[in-house]
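Enquirer: Got a sequence here, can you model it:
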Amino acid sequence: MSSLSIDDPDAALYTIGQVAEMLDVRIAFLRRLDAQGVVVPKRSAGGQRRYSRREIDRVAEAAALVAEGVSLAGVRQVLALRDRVEVLEGDLAAARGEREPRTDQDRPQDRPA
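Expert: Next comes the predicted model:
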């Protein structure tokens, strides 16, 4: 049995043609995103681009930004910033999870002077 799961959002399952059809974008647009480093899909053993669902979501975001007039360089920066925010949010959640909540015994007590 293969270790590739269709439920895995990072599984590179979709061809460039399938993605173009799904998102109603041109194949040339997908190639440009790859060449500019905006969305770089994995490659099959034969060198064909294979997109994961996560990469398809990024292509959709990129297409929406381009439709709003953002350059590919700008799209790359926006996506990089979103990635950074996700990492920081994960770090923050992990830090909050590691810290034990304070109990009443840990809180300073009012003491008479």
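
Enquirer: where exactly do the helices run in this structure?
Expert: For the chain, the helices defined by DSSP state H cover 16-23, 27-35, 53-67, 72-98.

Enquirer: which of the residues in the last one are buried?
Expert: Of the residues in helix 72-98, those buried under the neighbour-count criterion (16 or more other Cβ atoms under 10 Å) are L72, V75, R76, L79. Backbone N, C-alpha and C define where each C-beta goes, glycine included.

Enquirer: How about the third one?
Expert: The neighbour-count criterion (16+ other Cβ under 10 Å) identifies R53, E55, I56, R58, V59, E61, A62, A63, L65, V66 as the buried residues of helix 53-67.

Enquirer: which residues are contacting it?
Expert: For helix 53-67, contacts defined as Cβ atoms under 8 Å, 6 or more residues apart in numbering pick out 9-14, 19, 22-23, 25, 29-30, 33, 38-39, 41, 51, 72, 74-75, 78-79, 82.

Enquirer: and it with helix 16-23, angle?
Expert: Per axes from the mean of the first three to the mean of the last three Cα atoms, to 10 degrees, the angle that helix 53-67 makes with helix 16-23 is 60 degrees.
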